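**Q** Dropping a prediction and its sequence here:
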Amino acid sequence: MPSDGRNRILSTMAADHREALVPALERVELPNWTTLVEPDVDTRYVHFLDDGLASVVASSSSGEQQIEVGHIGFEGITGFHVVLGMARTPTHTFMQVAGSGWRLSTEDLYRAMSANEGLRLHLLRYVQTYQIQLSYSALANGRYTIPQRLARWLLMAHDRLGTDAMPLTHEFLALMLGVRRSGVTNELHVLEGEHIIRASRGRIEIRDRARLERLAGETYGVPEAAYEAVFGRIRPLSARAGAKLRDMRIFLVEDDFHLATQMQRYLASQGAVVVGPAPSVQSALRTLIATPQLDAAIVDVNLRGEMSFPLAEALRKRGVPFIFVSGYQKDLIPAHFADVSFHDKPIEPSELAAALLAVA
């Protein structure tokens with residue numbers, strides 16, 4: 001089911017909007033170089049990626065000059081000109097890093113948008129965030145140095161691929177930046193000498209994201225914040241230099257008022273956004289359904305005499321990492337939750353922070 005996947009556009013849709021699309025969605029594997037949008041040809045499908053990375057490339061009329069103008073991963077939808085009522089576009093979109101996702105015909109998309117204004121507005125909000133990203137690409141290309149632009153593009157790829165070791169070639173980076181391959185190689189050597197990255201054949205590994213962000217400066221951050229305000233987090237919770245609770249969206253499920261208040265105050269003091277507290281299984285399930293983006297959850301095992309395992313199942317299905325806290329013995333936990341971190345109540349603030357950062 002698409003709701004189990006990573007694609008942020010699908011997962012943040014209202015449930016009835018998403019269910020209306022499900023019968024028409026087709027699961028697809030997308031190898032490297034798969035064309036998703038053919039330039040100047042009517043687009044037959046849009047794609048909601050779960051993983052991988054698609055490049056959007058603009059070319060001169062002769063085809064001699066090319067530059068990547070954007071890329072799309074789990075956070076977006078390809079072929080979004082269709083959302084704007086346009087059948088074709090001069091840009092070419094293809095898979096730069098292999099992945100998978102969900103394919104939807106443009107006819108089915110048009111029908112769904114015509115029948116559901118809320119769905120259309122949801123997709124248009126993504127188009128707006130993408131336009132902001134394009135604007136900052138133009139700013140970076142026109143006003144910033146190649147090292148700053150390279151840092152920005154590496155950060156954007158890192159956000160979408162979700163791994164420090166990224167399968168990116170020097171040729172691809174040259175296309176992204178619109179410079180010669182030799183120029184990219186020289187800049188990568190500089191970053192490698194500073195221990196910010198490690199470069200090898202067909203692979204770039206991020207070693208110090210915090211320093212990469214400092215190098216990118218004001219070229220990076222504004223479009224990401226605009227996206228996150230609508231669809232939830234895309235950037236990693238922390239640079240590898242030191243994880244923080246700040247800005248994490250933490251779901252607190254606890255029926256003891258005093259313990260819940262203590263944990264809520266501590267998490268808020270660390271800059272976290274606390275969702276809840278929810279004191280019962282049913283209230284927690286309702287909150288989970290109504291909250292599209294959660295980074296981690298704290299789950300009391302016994303909620304007003306009812307075991308919280310149905311909630312734990314729902315969290316696992318959503319892909320939300322969680323920890324158990326309880327005043328009861330750990331042997332109450334079912335075997336299929338044996339891998340979940342268990343902590344006795346009351347839990348010390350330092351232990352709580354470490355447990356959340358370990359799973360998020």
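**A** Cool, the structure landed. Residues are numbered from 1 along each chain as shown.
**Q** Contacts only, for the residue nearest to Val320 when sequence neighbours are not counted.
**A** Nearest non-adjacent residue to Val320, counting by C-beta to C-beta, 6 or more residues apart in numbering: Leu294, 4.8 Å away. For every residue, glycine as well, the C-beta is placed using N, CA and C. If you count contacts by C-beta atoms under 8 Å, 6 or more residues apart in numbering, Leu294 has them with Arg249, Ile250, Phe251, Val275, Leu288, Arg318, Val320.
**Q** Among the residues you listed, name the ones in strands.
**A** For those, membership in strands holds for Arg249, Ile250, Phe251, Val275, with DSSP state E as the criterion.
**Q** Distance of the last one relative to Pro346?
**A** Here the criterion is C-beta to C-beta, to the nearest Å. By it, Val275 lies 21 Å from Pro346.
**Q** which of these two has more neighbours?
**A** Legend: neighbour count by other C-beta atoms under 10 Å for Val275 and Pro346, higher for Val275 (20 against 15).
**Q** For that one, name its beta-bridge partners.
**A** Val275 has these beta-bridge partners by DSSP bridges: Phe251.
**Q** isn't it right up against Leu252?
**A** Yes: using C-beta atoms under 8 Å, Val275 makes contact with Leu252 at a distance of 6.9 Å.
**Q** So in this protein, where's the weakest helix or strand by average pLDDT?
**A** In the chain, no helix or strand scores lower on mean pLDDT, DSSP states H and E than helix 170-177, which sits at a mean of 81.
**Q** Need the contact partners of the helix or strand following it.
**A** Next in sequence after helix 170-177, counting helices and strands by DSSP states H and E, comes helix 181-193. For helix 181-193, contacts defined as C-beta under 8 Å, 6+ apart pick out 146-147, 150-151, 170-171, 173-174, 177, 197-199, 204, 212, 215.
**Q** Is it possible to mark the buried ones in these?
**A** Buried members of the contacts of helix 181-193, scored by 16 or more other C-beta atoms under 10 Å, are Leu150, Ala151, His170, Leu173, Ala174, Leu177, Ile197, Ala199, Ile204, Leu212, Leu215.
**Q** Doesn't the second one lie inside a helix?
**A** Translated: Ala151. Yes: remark: Ala151 belongs to a helix, assigned using DSSP: H, G, I helix; E, B strand; the rest coil.
**Q** Return the distance of Glu348 relative to Gln329.
**A** As judged by C-beta to C-beta, Glu348 and Gln329 stand 19 Å apart.
**Q** Brilliant, that's me finished.
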